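Novice: quick one, what's the 3D model for this:
(2 chains)
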Amino acid sequence: QKEVEQNSGPLSVPEGAIASLNCTYSDRVSQSFFWYRQYSGKSPELIMSIYSNGDKEDGRFTAQLNKASQYVSLLIRDSQPSDSATYLCAVPNQAGTALIFGKGTTLSVSS
Amino acid sequence: GAGVSQSPSNKVTEKGKDVELRCDPISGHTALYWYRQSLGQGLEFLIYFQGNSAPDKSGLPSDRFSAERTGGSVSTLTIQRTQQEDSAVYLCASSAYHSPTGYGYTFGSGTRLTVV
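Specialist: Presented below is the predicted three-dimensional model:
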């Protein structure tokens, strides 16, 4: 059974700083990786996907993947209070039929 | 529709009663998922439907849980003889792609189930 591990936090950063969120996964065959954002009381929304080693940038968000180390991270530059949420890392299960989610890291950005 | 629609948004039921939760996926989406999220817990996969293929039921926690998808569209998750540990937010998601784990998927707003 695959496992996806995230530090639950909370991770607290001041407005304008870089927030770094990390995720490790237990097997080496995963090909796609996702970051979801979940505001309190809301459902998760997809914010980033990454498939290849290296970095992928989308606006203030950068996803970083290192398959050899089984590690994926999300960097949020110029953090805003509106970024305060729980960030969920997800990878496909072994059958490739569903995503397995980590328990999420709670980010708090103070103004 | 414009998004994944779930109903009801909230459901309070007495222990031992049966409940039905409904999901209407985005029009044209062939893949449909049910997850549940308990307080302080992560998202737990329950069941996956893809087109007319047999569903992947590997995540259903007990035989009290069942789901069906009619006409390749609307899905109903049924929980029989509800227990207090069934209290959670039940989330439905859908995807347009044959390999939704390659592209991620879109969640509905969820049904908050409380068993008293």
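Novice: how about the strands of the chain, start to end?
Specialist: The chain I'm using is chain A. Listed in chain order, the strands of chain A (DSSP state E) span residues A:4-6, A:11-14, A:19-25, A:33-38, A:45-50, A:54-58, A:61-66, A:71-76, A:85-92, A:99-101, A:105-110.
Novice: to clarify, I was referring to chain B.
Specialist: Using DSSP E, the strands of chain B run over B:5-7, B:10-13, B:19-24, B:31-37, B:43-50, B:65-69, B:75-79, B:88-95, B:106-107, B:111-115.
Novice: including distance to chain B and mean neighbour count, could the strands of chain A go into TSV?
Specialist: Backbone N, C-alpha and C define where each C-beta goes, glycine included. Formatted as TSV, the strands of chain A follow (distance: least, C-beta to the nearest C-beta, whole Å; neighbours: other C-beta atoms under 10 Å in any protein chain shown):
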stretch	distance to chain B	mean neighbour count
strand A:4-6	8	19
strand A:11-14	17	14
strand A:19-25	12	21
strand A:33-38	5	23
strand A:45-50	4	18
strand A:54-58	13	12
strand A:61-66	12	18
strand A:71-76	14	20
strand A:85-92	4	25
strand A:99-101	4	24
strand A:105-110	11	18
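Novice: include mean pLDDT when you put these into a markdown table, please.
Specialist: Shown next, in a markdown table, are the strands of chain A (pLDDT from 0 to 100):
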| stretch | mean pLDDT |
| --- | --- |
| strand A:4-6 | 93 |
| strand A:11-14 | 97 |
| strand A:19-25 | 95 |
| strand A:33-38 | 95 |
| strand A:45-50 | 94 |
| strand A:54-58 | 94 |
| strand A:61-66 | 95 |
| strand A:71-76 | 96 |
| strand A:85-92 | 94 |
| strand A:99-101 | 92 |
| strand A:105-110 | 96 |
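Novice: how about those in a markdown table, adding distance to B:E44?
Specialist: Compiled in a markdown table, the strands of chain A are given as follows (distance: least, C-beta to C-beta, whole Å):
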| stretch | distance to B:E44 |
| --- | --- |
| strand A:4-6 | 12 |
| strand A:11-14 | 24 |
| strand A:19-25 | 17 |
| strand A:33-38 | 14 |
| strand A:45-50 | 18 |
| strand A:54-58 | 28 |
| strand A:61-66 | 24 |
| strand A:71-76 | 21 |
| strand A:85-92 | 12 |
| strand A:99-101 | 8 |
| strand A:105-110 | 18 |
